[in-house]
Each structure stands twice: as C-alpha cells, then as structure tokens.
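Undergrad: Attaching a predicted model along with its sequence, questions to come.
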Amino acid sequence: MKMIIVMKKTSTRQDVEGVIKVLKEHGLGANLSTGSQATIVGVLGEKAKLAGVNLELMDGVEKCVPIMHSYKLASRDMVPEGRTVKVGSETVGGKELMMIAGPCAVESEEQITKAAFGVKKAGAKFLRGGAYKPRTSPYSFQGMEEEGLRLLRKAADAAGLKTVSEIVSHDQIDTALKYCDVVQIGARNMQNFRLLREVGKANVPVLLKRGIASTIDEWLNAAEYIMSEGNCNVILCERGIRTFETATRNTLDLSAVPVVRELSCLPIIVDPSHAAGKASYIEPLSLAAVAAGADGLIIEVHPEPKNAKSDAAQQLTIEAYSKLYAKAQKIAAAIGRVC
C-alpha cells in the first residue's frame, strides 16, 4: 500500500520540511506537489518503515491517504489538479493543445524542411520525424539515425518549431538530447524497463506511447518507472491497441482519454495516424479526440505521402492537415480550449 500526506491549507514551509525530514529519517523518499488547492507529499518507499509514527499528529498535516493502485506519482491522488509539462515556452496539459505534426520518418533535408514549414503554417508547434525506426521487417527503411535527428533539428529551428522523435535504446539518449525537445518512447518499448529508467534519469520531457496490447494500468505503471527516477515530465499518448478488428490498423481507444484523466495526473494526447492506418480516417478520429478531452494530437504529415518510405497510407498531405487543424480549432473552442 502506498500513501500520500495531505497538508493543511494553513501549513507552513517549516511544517512541510518537518514531514519530509521524518520520512527521510525512516529511509523513505518524498515527492512534493504544491497546487492552488492543496500541498501533497507523496511517500516513496514502503509504509511499513513508518511503524509507530503517527504523521497525522505532526504540525500542518491534515490527513494521510492510502493509494491502492500500484502507480503513485502518476496518480490523480498525487496531483489532483493534474500535472503540466513544460517544453521550452510551451506548456502541455494546460488550456492550449499540444499539436505535433510531421512525417513518419526523416528521409531527406528537402522533405523534412517542406514538412516543417507546412505544418508550422497550419498552426503546429511541434515537428515530429522518426530517425530510429523500429520496423516489423528488418528489410524496411530503418531511419537515418543521428543524421536524421540533425536534419529534424535544423528544419525545426528554421521553421520555429519544437522537436519530437523516438529512441529505441538507452544508448541513444545522449544523442537524442542534442537534437530533441521531447523524447518519444514508442509502443514497442513501453515496457522496456531499462529504457524507461534511463530516460527517467534524463532531464527531458518524455512522450510515452501506449503499448499495442497494454492495459491502462500497465501503461500508467510504465510512466511510474520514468517518474520514480525523478523525471515527472511525462506525456501519455494513446495510439490504438490491437483487437480482432481488421478494418483499421489498430483500434483507437478514445475511452482511454477520460479514464486516464480520472486516474492519472499526467497529460494525454492522441495519435490517430497509427490507429487508423488510413489517411481518410484521421480527421474524424482527431476531432473526436479533441472533443473527448485530449491534451493534443500527434499526426503524420508528409509533403508527398505517395512517395514516403514508410507508412505512406496513413500520412496526410500538408493541405489536408491544414484543413484538419482549422476544424480542430473549432472543436477546441467549443470546449474552452485553444490550438
């Protein structure tokens, strides 16, 4: 059983520091969350170490609340108002949606530059582009690796965008940090626990995609691996799960958006491209995701989808993305958000 300590509204800084000191004296860690409604101290470690200690009698403590689920830092109990993730001047999880767009993979400087300026003009703030591509077939295009990241960064800087790209191994982290504003952990690596721990040690925002056959509980525990190492800058991404249905590449689980918002304090965005597998389905799924309360969208956009080296069928043209973006703005406005 895990536990959080809810401080009184009248508690002082000294009261909070006193609680944290007691926890450390008993071999426990503490995660402090200060919101407008409450100050909460998350207890890191086994509650049994506090045997004989009544924290509720300490100055400034209102109550101790057990957390029954296995994830704690990722839980809504820990931060009732919800966490936000800062990416430079951008804030993910606030009123403004995180709009990410770009090709499945960086293929050339010309291609990624056209994509960058195209999605920027449409309204996007983040440029995506794969450099390390985990593919089902070993004969498929595997990405340009560091050169791809360099071109992604160059194009993003020219267009005034932040960058998002996937890594597939812990030994790629240092390289990615030179070029990426947000590091993506893909569906295939959602439970690559060594990778999760290593990005948890890095001071970089992490976009964590849901595994192809993972439950929400497993997904949130994967986020907990990252957060337990000190990095709470985690953004969840629903990208469809594998079901018996074959009409789409995967089944987009839009119910995950309200469920995650109820259970977790982490922001959640949606990837309709990998769920749909077909360009014509992306717009309606995107609009539905915004209406459901997603904190953003990550969409594959290519200057010439028919000539794409990977995932050609699910990539939008720049023109199609621009039209989608305009419609998403209207949906966002209807629910009190902007993009």
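TA: Now that the structure is in, tell me what you want to look at. Not measured: the values here are computed from a predicted model.

Undergrad: now residue 247: how far from residue 77?
TA: In this view, residue 247 and residue 77 are 38 Å apart by C-beta to C-beta, to the nearest Å. C-beta here means a position set from N, CA and C on the backbone, and glycine is covered the same way.

Undergrad: Please identify which of the two sits among more neighbours.
TA: With neighbours defined as other C-beta atoms under 10 Å, residue 247 and residue 77 compare such that residue 77 has more, 23 against 9.

Undergrad: and the more buried one, that's in a strand?
TA: No - with DSSP: H, G, I helix; E, B strand; the rest coil as the criterion, residue 77 is assigned coil and is not in a strand.

Undergrad: How about it: what's its closest non-neighbour residue?
TA: Using C-beta to C-beta, 6 or more residues apart in numbering and skipping residues adjacent in sequence, the residue nearest residue 77 is residue 67, 5.4 Å away.

Undergrad: ok, the one you found touching residue 31?
TA: No - at 11.9 Å, residue 67 and residue 31 do not qualify as touching, with contact defined as C-beta atoms under 8 Å.

Undergrad: where do the helices sit along the stretch 51-200 of the chain?
TA: 109-122, 145-159, 173-177, 193-201 (DSSP state H, counting those that start in this stretch).

Undergrad: Make CSV out of the ones you listed and add distance to residue 324.
TA: Written out in CSV, the entries for the helices of the stretch 51-200 of the chain read as follows (distance: least, C-beta to C-beta, whole Å):
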stretch, distance to residue 324
helix 109-122, 8
helix 145-159, 19
helix 173-177, 28
helix 193-201, 30
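
Undergrad: between these, which gets nearest to residue 35?
TA: Nearest to residue 35 among the helices of the stretch 51-200 of the chain is helix 193-201 (22.7 Å), distances taken as C-beta to C-beta.

Undergrad: helices or strands up against the closest one?
TA: Using 3 or more C-beta pairs under 8 Å, 6 or more residues apart in numbering; DSSP states H and E as the contact definition, the elements that helix 193-201 packs against are strand 182-185, helix 216-227.

Undergrad: Which one of those lies nearest to residue 328?
TA: Taking C-beta to C-beta as the criterion, strand 182-185 is the member of these that comes nearest to residue 328, at 19.8 Å.

Undergrad: and the closest one, C-alpha only, in CSV?
TA: Coordinates of each C-alpha in strand 182-185 appear next as CSV, following Å, rounded to 0.1, in the frame of the first residue of the first chain:
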residue,chain,number,x,y,z
VAL,A,182,10.7,15.7,-26.4
VAL,A,183,12.0,12.1,-26.5
GLN,A,184,9.4,9.6,-27.6
ILE,A,185,9.2,6.0,-26.3
